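>>> have a look; sequence and predicted model below, questions after that.
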Amino acid sequence: MNQAPGGGAGARAGVRGGGLSVEGGTVELTRVSFSDDAATWGGHLFATDGALITGTDLVFTGGDATRGGALFVEDGGIDAVISLRD
């Protein structure tokens, strides 16, 4: 598993995952906030190479991406219940 952190709040990681890029393996995230991150694919979070991300109580605010808005999954999976709140 290769986890490449994007550099925290307001980070511009470049191409993949402004807040977190996961290449293979499994990652569990609990009570994590992603704020104002940006990347070409997956403004906040990017997963590839069979990565599985399990998320509980994740918050995505702001952020910018050409593809994937808050998250982009390419050859991976997300295990999450998604609810939208104002």
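That came in fine, so what should we check first?
>>> report the central residue of this structure.
For the chain, Leu45 is the residue whose C-alpha lies nearest the centre (CA atoms, centre = their mean; 1.2 Å).
>>> any idea how far it is from Glu74?
12 Å (CB to CB, to the nearest Å). C-betas here are computed from N, CA, C, even on glycine.
>>> now the strands for this protein?
Secondary structure of the chain by DSSP state E: the strands cover 2-5, 12-16, 20-23, 26-30, 33-35, 38-41, 45-48, 52-56, 59-61, 64-67, 71-73, 77-79.
>>> let me have these in CSV, adding mean pLDDT as columns.
As requested, those are arranged in CSV below (pLDDT from 0 to 100):
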stretch, mean pLDDT
strand 2-5, 46
strand 12-16, 71
strand 20-23, 90
strand 26-30, 89
strand 33-35, 91
strand 38-41, 91
strand 45-48, 89
strand 52-56, 85
strand 59-61, 88
strand 64-67, 90
strand 71-73, 87
strand 77-79, 69
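>>> highest mean neighbour count out of these?
Neighbour counts (mean count of other CB atoms under 10 Å) averaged over each of the strands of the chain peak at strand 45-48, with a mean of 27.
>>> and the closest residue to Phe34 other than its chain neighbours, how many neighbours?
Counting by CB to CB, 6 or more residues apart in numbering, the nearest residue to Phe34 once its immediate chain neighbours are dropped is His44, at 3.8 Å. Residue neighbour count, defined by other CB atoms under 10 Å, stands at 32 for His44.
>>> repeat for the one 5 residues further on
Using other CB under 10 Å, Asp49 is surrounded by 13 other residues.
>>> wait, isn't it in contact with Asp75?
Yes. The pair Asp49 and Asp75 passes the contact test of CB atoms under 8 Å, sitting 6.1 Å apart.
>>> picking up where we left off before, hey, what's the residue nearest to the centre of the chain bridged with?
The partner list for Leu45 in beta bridges (DSSP bridges) reads Leu20, Leu71.
>>> before we move on, what about Ile78?
Legend: beta-bridge partners of Ile78 under DSSP bridges are Ile53.
>>> wait, isn't it in contact with Gly42?
No. Applying CB under 8 Å, one finds Ile78 not in contact with Gly42, separated by 10.9 Å.
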